[in-house]
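Novice: Need coordinates for the below:
(chains A, B, C and D)
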Number of protein chains: 2
Amino acid sequence: MQSPTDARKAWQVVLEHIEAGLIDGRFTPGDRLPPERELATTLGVGRSSVREALRVLEVLGLVRTGTGSGPAAGAIIIATPHGGMAALLRLQVAAQGFPLGDIVQTRLLLEGGVVDSLARAGDADLAPAVAVLDAMERDDLTAAEFLALDAQFHLTLAEASGNIVVAAVMAGLRSSIEDYVREGAERITDWAGTAARLRQEHRRILTAVREGDPEGARARIQAHITGYYDHAGLARS
Amino acid sequence: MQSPTDARKAWQVVLEHIEAGLIDGRFTPGDRLPPERELATTLGVGRSSVREALRVLEVLGLVRTGTGSGPAAGAIIIATPHGGMAALLRLQVAAQGFPLGDIVQTRLLLEGGVVDSLARAGDADLAPAVAVLDAMERDDLTAAEFLALDAQFHLTLAEASGNIVVAAVMAGLRSSIEDYVREGAERITDWAGTAARLRQEHRRILTAVREGDPEGARARIQAHITGYYDHAGLARS
DNA sequence: CGCGCTAGCGTGGTCTGACCACACGACGGG
DNA sequence: CCCGTCGTGTGGTCAGACCACGCTAGCGCG
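Specialist: Numbering: from 1, shown residues only, chains lettered A, B, ... in the order given. Predicted structure coming up:
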């Protein structure tokens, strides 16, 4: 049949089979994969190997598994990359594969590009971003709540640019350093003042975007990000 | 003990345990994780659950498993994000979660930022990039070989910028659309001429970087990328 | 006749035990 | 002293069993 001891691991066979199915359209988002037991017999591998492959797909945000029966049961194809991107970046940071500084620098690059293109486009829908900004005006927010809205603001901008990939990467980058950001906030004594400054910076970024000023928007969002990291003492890793 | 039926799946418990170990420094790159059987008894889960977690870590590029005994055996902590990033992006593209156009646009953003920062830095080591360019001068290269070197050139630039995260994302983006790029090359009739043009564009990008011309370098690499995709008929998806 | 409850069934989730392949390392024979 | 071989610990895989969970069909009662 094949090599003495098949080079590809059993779970890789399953993964490749599902990937091939995705590519040629046999499986599309919303579809249900065959039951684990059926996949196992079909591919001639054990059920545990099938499960290992499904686990990978689940973490990468490609399938969602549900127990019981009915429409929500089984392994359903989805395509929600945020979770997988976040897990990948978070773990790489934890394993010291990604220095914090590089993460921040990448954010600068992406967010700068996002506001640049938003300012050039001119017709972007900034309403969601404004809504988040309004929510941040409340003065009874904890630091954690404020930071969550802050993250949402940046994510909303990325989504407004219409590029799903950039939005997913940005969300992942942000969440990968979420713990450090929160930790940094605790070191800030004048939190109310800092929050006020961040709010103002957000407003000015939006203004620059609205006025069609790519350079200004880029400079302001980059200053906004580096400013916070410096202020929170998260400079280098 | 805990909730009626523990909300967290068993494999998530394992994943969180290892992540916690990475964060607090119990596990660092180069270390070996405990044997699967030991992890299973330690955490009170079955060995199959441990294996599912390890499989995820393996795909994400965090561990490398080896059979047998000795220093290369067992699950060893690594931090090689390229493979995981590539797998994530590739599968998301396959599952139609990421449109091809967004992938290309993200490349434009990142590569533009890379050459921009290289041109500003001025002291970057461009020798590896030059070496790849020299290798591309050979005229007996197949299209696939040429494209592989092309990809390596772009990756080398990203690595020269010193940002691991950007390099990993760029490598992932590139490999996620590798099949489509190769497919596009087959549609190009005058391949020799196209290759010559690509070579020239590469040279000019490097020249702009050397001369410290960020705007020029950015414009040239973006034109280079969009030019190829248009020429190969990979415009939109 | 109709409604509600229950048993069945198919799904994923998990554990156990077994066996294989592999590679190092120690032991013993030459 | 060197080399081959067997022991042992590791991951890789499979088979089987059981549980939890929800839908669903069918039964029984009103």
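
Novice: Just to be sure, A:Glu183 is in a helix?
Specialist: Yes - according to DSSP: H, G, I helix; E, B strand; the rest coil, A:Glu183 belongs to a helix.

Novice: Count the neighbours of it for me.
Specialist: Number of residues near A:Glu183 (other C-beta atoms under 10 Å in any protein chain shown) recorded here: 13. For the C-beta atoms, the positions are set from N, CA and C on the backbone; glycine is no exception.

Novice: For it, give me the pLDDT.
Specialist: On pLDDT, A:Glu183 comes in at 88.

Novice: try the one 3 residues further on
Specialist: A:Glu186 carries a pLDDT score of 88 in this model.

Novice: Quick check on the nearest residue to it once chain neighbours are set aside: phi, psi?
Specialist: In space, and not counting its chain neighbours, A:Glu186 is closest to A:Ala143: 7.3 Å by C-beta to C-beta, 6 or more residues apart in numbering or on different chains. Main-chain torsions, A:Ala143, degrees, to the nearest 10: phi -60, psi -40.

Novice: Repeat that for A:Asn163.
Specialist: phi -100, psi 110.

Novice: How about the contacts made by it?
Specialist: A:114, B:102, B:105-106 (C-beta atoms under 8 Å, 6 or more residues apart in numbering or on different chains).

Novice: thinking A:Ile76 is in contact with A:Phe27, fair?
Specialist: No - using C-beta atoms under 8 Å, A:Ile76 makes no contact with A:Phe27, being 10.0 Å away.

Novice: What are the buried residues along the longest helix that chain A contains?
Specialist: Within chain A, and with DSSP state H defining each element, the longest helix by residue count is helix A:100-121. Residues of helix A:100-121 classed as buried by neighbour count (16 or more other C-beta atoms under 10 Å in any protein chain shown): A:100-119.

Novice: check these against DNA strand C, which are close?
Specialist: Applying C-beta under 7 Å from any atom of the strand, the subset of the buried residues of helix A:100-121 adjacent to DNA strand C is empty.

Novice: Can you tell me which helices and strands the helix or strand encompassing A:Gly193 packs against?
Specialist: Counting by DSSP states H and E, the element that carries A:Gly193 is helix A:191-210. Helix A:191-210 sits against helix A:100-121, helix A:127-135, helix A:143-160, helix A:214-231, with contacts defined as 3 or more C-beta pairs under 8 Å, 6 or more residues apart in numbering or on different chains; DSSP states H and E.

Novice: quick one: buried residues of the second one?
Specialist: When you say that, I think you mean helix A:127-135. Those buried within helix A:127-135 under the rule 16+ other C-beta under 10 Å are A:129, A:132-133.

Novice: for A:Gln96, what are its contacts?
Specialist: Here A:Gln96 is in contact with B:28-29, B:79 (C-beta under 8 Å, 6+ apart).

Novice: which phi and psi does it have?
Specialist: Per degrees, to the nearest 10, the backbone of A:Gln96 is at phi 70, psi 20.

Novice: Contacts for the helix holding A:Gly193 next, please.
Specialist: So helix A:191-210 is contacted by A:115, A:118-119, A:124, A:126, A:129-130, A:133, A:136-137, A:139, A:141, A:143, A:146, A:150, A:153, A:185, A:188, A:216-217, A:220-221, A:223-224, A:227-228, A:231 (C-beta under 8 Å, 6+ apart).

Novice: Next, the angle helix A:143-160 makes with that helix.
Specialist: If you take axes from the mean of the first three to the mean of the last three C-alpha atoms, to 10 degrees, helix A:191-210 sits at 10 degrees to helix A:143-160.

Novice: CA-only coordinates of stretch A:20-34 in PDB, if you can.
Specialist: This file holds the C-alpha atoms of stretch A:20-34, laid out as PDB (Å, rounded to 0.1, in the frame of the first residue of the first chain):
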ATOM      1  CA  ALA A  20      -9.300  18.900   0.900                       C
ATOM      2  CA  GLY A  21     -13.000  18.800   1.500                       C
ATOM      3  CA  LEU A  22     -13.000  22.500   2.400                       C
ATOM      4  CA  ILE A  23     -11.000  23.400  -0.700                       C
ATOM      5  CA  ASP A  24     -13.100  21.500  -3.200                       C
ATOM      6  CA  GLY A  25     -16.300  22.700  -1.600                       C
ATOM      7  CA  ARG A  26     -17.500  19.400  -0.200                       C
ATOM      8  CA  PHE A  27     -17.600  21.100   3.200                       C
ATOM      9  CA  THR A  28     -18.700  24.700   3.400                       C
ATOM     10  CA  PRO A  29     -19.500  26.900   6.500                       C
ATOM     11  CA  GLY A  30     -22.600  25.800   8.100                       C
ATOM     12  CA  ASP A  31     -22.300  22.200   7.000                       C
ATOM     13  CA  ARG A  32     -21.900  19.300   9.500                       C
ATOM     14  CA  LEU A  33     -18.900  17.000   9.200                       C
ATOM     15  CA  PRO A  34     -19.600  13.300   9.300                       C
END
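
Novice: In it, which residues are buried?
Specialist: Quick answer for stretch A:20-34 (16+ other C-beta under 10 Å): A:21-22, A:27, A:31, A:33-34.

Novice: Among these, which one sits closest to chain B?
Specialist: Using C-beta to the nearest C-beta, A:Leu22 is the member of the buried residues of stretch A:20-34 that lies nearest chain B, at 4.0 Å.

Novice: is the helix or strand hosting that closest one up against chain B anywhere?
Specialist: Using DSSP H and E, A:Leu22 sits within helix A:10-23. Yes - residues of helix A:10-23 contacting chain B under C-beta under 8 Å from any C-beta of the partner chain: A:11, A:19, A:22-23.

Novice: That concludes my questions; thank you for your assistance.
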